[in-house]
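A.B. asks: Show me how the following folds:
(one chain, ligands or ions: 1)
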Amino acid sequence: MFSLPLRDDARLRPLETWHAAEFAVHLDRAREHIRPWVGQGFVTDDVDGARGTLRRYAERQAADGARLYGIWLDGTLVGGVMFTAFDAASGSCEVGCWLEPAAEGHGLVTEACGALLDWALTERGLHRAEWHCRADNERSSAVAKRLGMTLEGVRRQSWPFGGTRHDKQVWAVLAPEWRASRRCREE
Ligand SMILES: CC(C)(COP(=O)(O)OP(=O)(O)OC[C@H]1O[C@@H](n2cnc3c(N)ncnc32)[C@H](O)[C@@H]1OP(=O)(O)O)[C@@H](O)C(=O)NCCC(=O)NCCS
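C.D. replies: From the prediction side, this is the model:
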């Protein structure tokens, strides 16, 4: 299977239905770490649940919609990035991510999201990419900031979790901003 190197020891690859067993084992390591911060449908408990998530993404990708990619570090699936929404007709998408605890702090997600944004905002010609996170998810908003996104606003109390309605931040980058920041980095 083709893959994109993120670093010498890390690769980004499509995460597909046939990875269900590997994805389920990874979720065993990641589940409690990601549960407060991601969509609850993503936090499944067994191989069937994991397969269901992968199949849902595969079906949406077949319709040129959402897409899912895994990050393998030293050959182990440690997290991933995704288009949680992708709409070529309106020219906008939303990017998301997750990691198991041991893979945090290495820049893997920032690098992987950069690859997704390059593809969406240059090759596919989309105009706008969003990032949604709980307002108290500091590591997630730090990724949005590192990607050069702008905090556009807060949807108040729109993220129910654990009996509380949390605020949600909406960050975004526009295609000309992304291309300009890429040019600066190359110079
Ligand atoms: C959000 C999440 C993916 C961020 O992970 P992360 O490791 O902080 O993000 P990155 O992979 O981009 O790595 C950045 C970290 O690596 C460090 N780093 C090391 N080398 C780096 C490099 N070459 N480039 C960028 N950062 C690098 C950065 O300094 C930063 O660490 P710091 O925050 O301790 O300063 C992770 O915290 C997570 O999975 N949380 C739970 C699920 C979640 O919140 N998902 C998002 C829902 S909106």
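A.B. asks: which stretches of this structure form strands?
C.D. replies: For the chain, the strands defined by DSSP state E cover 4-7, 10-14, 67-73, 76-87, 92-99, 128-134, 150-161, 164-174.
A.B. asks: near the ligand, which residues of this structure?
C.D. replies: For the chain, the contact set with the ligand under CB under 6 Å from any ligand atom comprises 33-34, 37-38, 96-99, 104-110, 133, 137, 139-140, 142-143. For the C-beta atoms, the positions are set from N, CA and C on the backbone; glycine is no exception.
A.B. asks: Show residues contacting the helix or strand of the chain with the lowest mean pLDDT.
C.D. replies: Across the helices and strands of the chain, mean pLDDT, DSSP states H and E gives its lowest value to helix 175-186, namely a mean of 89. Here helix 175-186 makes contact (CB atoms under 8 Å, 6 or more residues apart in numbering) with 117-118, 121-122, 125-129, 148, 150, 173.
A.B. asks: ok, of those residues, which come out buried?
C.D. replies: Buried members of the contacts of helix 175-186, scored by 16 or more other CB atoms under 10 Å, are 117, 121, 126, 128-129, 148, 173.
A.B. asks: Tell me which two in those residues are the farthest apart.
C.D. replies: Checked with CB to CB, those reach their widest spread between Leu126 and Gly148, with 15.7 Å between them.
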